[in-house]
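A.B. asks: after the sequence you'll find the predicted model.
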Amino acid sequence: MSDNTTHSSADLDPKLLEILVCPVTRGPLSFDRDAQELISKEAGLAYPVRDGIPIMLPEEARALEDKA
């Protein structure tokens, strides 16, 4: 018996990803499942996702090393 309404901590609701934007650039985000981060390539930032909840604060984001 499977419950399709539960999400594992490794998944982010696709509908949520569609509406979220980078708070710095207002640009699109991509989800890195392995790192549990939302990536803003335009801003060069990675926002953490903790327990399935995106932390969309610039001060909580880490800088991407490969922005170049």
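C.D. replies: Right, received. Where do you want to start? Numbering: from 1, shown residues only.
A.B. asks: select the longest strand from this structure.
C.D. replies: The strand that spans the most residues within the chain, counting by DSSP state E, is strand 45-50.
A.B. asks: any idea which helix or strand comes after it?
C.D. replies: strand 53-54 (DSSP states H and E).
A.B. asks: can you list the buried residues in the longest strand of the chain?
C.D. replies: Within strand 45-50, the residues scored as buried using 16 or more other C-beta atoms under 10 Å are 45-49. C-beta coordinates here come from the backbone N, C-alpha and C atoms, glycine included.
A.B. asks: need the residue closest to the centroid of this structure.
C.D. replies: Geometric centre of the chain, nearest residue: L38, 2.1 Å, by C-alpha atoms, centre = their mean.
A.B. asks: that residue touches G27, doesn't it?
C.D. replies: No: counting by C-beta atoms under 8 Å, G27 is not a contact partner of L38; they are 11.4 Å apart.
A.B. asks: can you give me the end-to-end span of stretch 33-44?
C.D. replies: 17 Å (C-alpha to C-alpha, to the nearest Å).
A.B. asks: now what about it, what contacts it?
C.D. replies: Under the contact criterion C-beta atoms under 8 Å, 6 or more residues apart in numbering, stretch 33-44 has outside partners 9-12, 17, 20, 22, 24-25, 27-32, 45-50, 54, 56, 61-64, 67.
A.B. asks: so after the one helix or strand in the chain whose mean pLDDT sits lowest, what's the next helix or strand?
C.D. replies: For the chain, counting by mean pLDDT, DSSP states H and E, helix 14-19 ranks last in confidence among helices and strands (a mean of 92). Sequence order places strand 30-32 as the next helix or strand after helix 14-19, per DSSP H and E.
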